[in-house]
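Here is a sequence together with a model predicted from it:
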Amino acid sequence: MLTQRLREIREKKGLTQRELARRCKLGINQINRYENGTSDPISDNLRTIAQELEVSTDYLLGLTDEPQGLMPPGEINSDEREILDIYRRNGWPGVFHLGAERLSK
C-alpha cells in the first residue's frame, strides 16, 4: 500500500522523486526504493514524508483511506461523540430522536 500511495500522492502534488527527496532531506535513491517496495522507511523518514505530502502516516501505510487520518482524540466533544455513536448504531432516526429529546428539555 505504501508504494502505491506514496507515488500517487507525490505525483498529485506535482513533485518529482528528486524534489520530494530534497524537501525531506533524503536521497533520491531512498525515495525510489520506497516507491518500488524494495525498502521500507524507518519511522522518522515516514513521518517526514507524510508531513511534506500533507497526509497522515496511517494513510500512507493503508491503515485508513482518509488522507488526513483518523480524527485525534479530543477533537470532538462529548455531545458530538454521542451523536456520532448514536448515528453509527441507529442512523439518522436515532440522531433525530436524540435531537427531539434534547429540544424537549
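That came through fine. Numbers count the residues shown, from 1 in each chain.

for the record, mean pLDDT for stretch 28-46?
Average pLDDT, stretch 28-46: 95.

contacting residues for the closest residue in space to residue 5 that isn't next to it in sequence?
Nearest residue to residue 5, sequence neighbours excluded (CB to CB, 6 or more residues apart in numbering): residue 60, at 5.2 Å. In short, each C-beta sits where N, CA and C put it, glycine included. By CB atoms under 8 Å, 6 or more residues apart in numbering, the residues touching residue 60 are 1, 2, 5, 6, 9, 46, 49, 50, 53.

before we move on, what about residue 28?
Counted by CB under 8 Å, 6+ apart, residue 28 has contacts 17, 18, 21.

Out of those residues, which comes closest to residue 32?
Minimum distance to residue 32 across those is 5.7 Å, recorded for residue 17 (CB to CB).

mind listing what that closest one touches?
Contacts of residue 17 (CB under 8 Å, 6+ apart): 10, 28, 31, 32, 35.

so how far is the host helix or strand of residue 29 off the chain centroid?
Take DSSP states H and E as the rule and residue 29 turns out to sit in helix 28-36. Distance, stretch centre to chain centre, for helix 28-36: 21 Å (CA atoms, centre = their mean, to the nearest Å).

So which bits of the helix or strand following that helix are buried?
Next in sequence after helix 28-36, counting helices and strands by DSSP H and E, comes helix 43-53. Buried positions in helix 43-53, judged by neighbour count with 16 or more other CB atoms under 10 Å: 45, 46, 48, 49, 50, 52, 53.

could those residues be laid out in a markdown table, adding distance to residue 103?
Shown next, in a markdown table, are the buried residues of helix 43-53 (distance: CB to CB, whole Å):
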| residue | distance to residue 103 |
| --- | --- |
| 45 | 52 |
| 46 | 47 |
| 48 | 49 |
| 49 | 48 |
| 50 | 43 |
| 52 | 47 |
| 53 | 44 |
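
Of the residues you listed, which is the nearest to residue 75?
Nearest member of those to residue 75, counting by CB to CB, is residue 50, at 18.2 Å.
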